[in-house]
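Colleague: Sequence first, then the predicted structure:
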Amino acid sequence: GAVVSQHPSWVICKSGTSVKIECRSLDFQATTMFWYRQFPKQSLMLMATSNEGSKATYEQGVEKDKFLINHASLTLSTLTVTSAHPEDSSFYICSASGQGGPNSPLHFGNGTRLTVT
Amino acid sequence: AQKITQTQPGMFVQEKEAVTLDCTYDTSDQSYGLFWYKQPSSGEMIFLIYQGSYDEQNATEGRYSLNFQKARKSANLVISASQLGDSAMYFCAMREGSGTYKYIFGTGTRLKVLA
């Protein structure tokens, strides 16, 4: 089955620093990846759609300069939380669409738990 | 705008019994997809089952089945013969439109299986 690897699984950083999260599709090419954010005991909120070779499309209310997304290859998308603050602490999870068309499920990474101190 | 509603924040079920998790949706699209995911405490999202808007039969995957009632716009997940390992958050999701892979998620239902 399609496997998505996300790294790191958890990270603690100091306020003001930047953190990069990687999302890789291991056995398939993902032209589109999605980045979600999940607050404790809440649902997944789509942050942005990452398209290989083009700029990401951000959802309303998501600061693109705060959450930098780069999708440089068909197997890798990165999310960089710049100048992180405690309110950025959250669970971030990426997903990728396989090549089975729009009816195929999204494949998710295992998520990254970010804690900003 | 598309919308997914899960009205049960939490559910309990006795081991080996069946349980139904509710999901209703709202969309004006004719073509859409409905998905259920399981999220254990570890955080990963595990795909369970899919139902297409044009599928006439209810989807089944092992112990999971989807009770799809198109006229009522509901897509309830039925888990048969519950196991302790089924304890998790369950999310219903809908793919928006026919030309995009964007999903919207419901608020989830936390299922606890009792021994």
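Modeller: Okay, I see it.
Colleague: Thought residue A:37 was touching residue A:45, still the case?
Modeller: Yes: shown here, residue A:45 and residue A:37 form a contact pair, counting by C-beta atoms under 8 Å, at 5.2 Å. C-betas here are computed from N, CA, C, even on glycine.
Colleague: and those two? which has more neighbours close in?
Modeller: Neighbours around residue A:45 and residue A:37, counted as other C-beta atoms under 10 Å in any protein chain shown, are more numerous at residue A:37. The numbers are 20 against 16.
Colleague: Now do the strands in the chain.
Modeller: Since you didn't name a chain, this refers to chain A. For chain A, the strands defined by DSSP state E occupy A:4-7, A:10-13, A:19-25, A:32-38, A:44-51, A:57-58, A:67-73, A:76-81, A:90-97, A:106-108, A:112-116.
Colleague: my bad, chain B
Modeller: B:3-5, B:10-14, B:19-21, B:24-26, B:33-39, B:46-52, B:60-61, B:64-69, B:74-79, B:88-95, B:103-105, B:109-114.
Colleague: can you tell me which of these the model trusts least?
Modeller: Ranked by mean pLDDT, those end with strand B:103-105 at the bottom, a mean of 90.
Colleague: What mean pLDDT does stretch A:66-75 get?
Modeller: Computed over stretch A:66-75, the average pLDDT equals 91.
Colleague: Which residues does it contact?
Modeller: Contacts of stretch A:66-75 with the rest of the structure, by C-beta atoms under 8 Å, 6 or more residues apart in numbering or on different chains, involve A:24-26, A:29-31, A:33, A:35, A:47-48, A:50-54, A:56, A:58, A:77-83, A:88.
Colleague: Buried ones only from these, please, as a ChimeraX command.
Modeller: Of the contacts of stretch A:66-75, the buried ones go into a single ChimeraX selection, burial set by 16 or more other C-beta atoms under 10 Å in any protein chain shown:
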select /A:24,25,30,31,33,35,47,48,50,51,52,56,58,77,78,79,81,88
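Colleague: ok, the residue of chain B found nearest chain A - contacts?
Modeller: In chain B, the residue that lies nearest chain A is residue B:45 (3.8 Å; C-beta to the nearest C-beta). Counting by C-beta under 8 Å, 6+ apart, residue B:45 makes contact with A:44, A:93, A:95, A:106, A:108, A:111, B:37-39, B:91.
Colleague: swap in residue A:86?
Modeller: Contacts of residue A:86 (C-beta under 8 Å, 6+ apart): A:15, A:116-117.
Colleague: tell me which of these is nearest to chain B?
Modeller: residue A:116 (17.9 Å).
Colleague: ok, and the closest non-adjacent residue to the closest one?
Modeller: Counting by C-beta to C-beta, 6 or more residues apart in numbering or on different chains, residue A:84 is the residue found nearest to residue A:116 once chain neighbours are left out, at 4.5 Å.
Colleague: Surely the one you found is in contact with residue A:115?
Modeller: No: the criterion here is C-beta under 8 Å, and residue A:84 misses it with residue A:115 at 9.6 Å.
Colleague: where do the contact lists of these two overlap?
Modeller: Shared contacts of residue A:84 and residue A:115, defined by C-beta under 8 Å, 6+ apart, comprise residue A:13.
Colleague: burial of residue B:83, as a residue count?
Modeller: When neighbours are counted by other C-beta under 10 Å, residue B:83 comes out with 11.
Colleague: circling back to that earlier point, of the contacts of residue B:45, closest to residue A:11?
Modeller: Ranked by distance to residue A:11 (C-beta to C-beta), the contacts of residue B:45 are led by residue A:111 at 11.4 Å.
Colleague: Please tell me how far the closest one sits from chain B.
Modeller: According to C-beta to the nearest C-beta, to the nearest Å, residue A:111 and chain B sit 4 Å apart.
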